[in-house]
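# fold the following, please.
(one chain, ligands or ions: 1)
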Amino acid sequence: MSTIRLGDEAPNFTAETTEGKINFHEWLGDSWGILFSHPADYTPVCTTELGAAAKYKGEFDKRNVKVMALSVDGLQSHKDWIGDIEETQGTAVNFPIIADEDRKVSSLYDMIHPNSNDKLTVRSVFVIGPDKKVKLIITYPASTGRNFDELLRVIDSLQLTAYHKVATPVNWKYGDDCVISPAVSNEQAKDLFPKGFKEVKPYLRMTPQPV
Ligand code: BEZ
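Prediction:
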């Protein structure tokens, strides 16, 4: 078990998945990645989550994001459960699910929390950048299904920061004004943000979303 913090390199691994043996870093290539764990196959909340993740493929593709799921169940269990997900959620599962029976990956990513259950993974989410660095970590309890709209919102924010040097304020939604990073001077901001910016305070400068 290791503690992973924002900015750390996402630990690499090779794992058996529903799409064959995958080396994580090679599979990521130049993409952004979401690695997320669910407590167990054949459970209700997980069934809805994996269906939702599959339905968001178009949104993930637009953002150059690859998705990989994980639980400590075996490969055959995953493959059989996928049939149920397809039947009940009305979508094909279009991303690999790691069969982490030996808990190698879940230990590497600290996805098993003994205070919750020492045999199952919690609902962990790791967003990983094309530089293989961890950009976001969120942990949910087993009883709360994730909000994939929120994951897309965060990825949009992370990509605006990575590519356009802006941050996003409270409750930001795609298309809302963004915040100029304090590291950018007003002189630089004039070049960087041709749509202009408003200086509310010297430390609080707003600009229309760059793209
Ligand atoms: C579920 O996915 O529905 C679930 C899994 C473990 C505990 C509670 C709910």
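# confirm residue 162 sits in a helix?
Yes: Residue 162: assigned to a helix according to DSSP: H, G, I helix; E, B strand; the rest coil.
# that one against residue 127, yeah?
No: with contact defined as CB atoms under 8 Å, residue 162 does not count as touching residue 127 (11.4 Å). Bear in mind the C-beta positions are built from the backbone N, C-alpha and C, glycine included.
# comparing the two, which residue is more hemmed in?
Shown here are residue 162 and residue 127; by other CB atoms under 10 Å, residue 127 has more neighbours (22 against 13).
# residues in contact with the more buried one?
Contact partners of residue 127, counting by CB atoms under 8 Å, 6 or more residues apart in numbering, are 32, 33, 34, 134, 135, 136, 151, 154, 155, 158.
# residue ranges of each domain in this protein, please.
Split into domains by automatic domain parsing, the chain comes to 14-145, 164-207.
# next to the ligand, which bits of this protein? Give me the list.
39, 40, 43, 44, 45, 46, 142, 143 (CB under 6 Å from any ligand atom).
# buried ones among those residues?
39, 40, 45, 46, 142 (16 or more other CB atoms under 10 Å).
# would you list the phi and psi of residue 38?
Residue 38 adopts backbone torsions of phi -130, psi 150, taken as degrees, to the nearest 10.
# got the phi and psi for the residue nearest to it when sequence neighbours are not counted?
Spatial nearest neighbour of residue 38, chain neighbours left out: residue 46 (4.0 Å); criterion: CB to CB, 6 or more residues apart in numbering. Torsion angles at residue 46 (phi, psi; degrees, to the nearest 10) stand at phi -60, psi -40.
# dump the residue contacts of residue 46.
With contact set as CB under 8 Å, 6+ apart, residue 46 has these partners: 38, 39, 40, 71.
# where does the second one land on pLDDT?
It refers to residue 39. Per-residue confidence at residue 39 stands at 97 (pLDDT).
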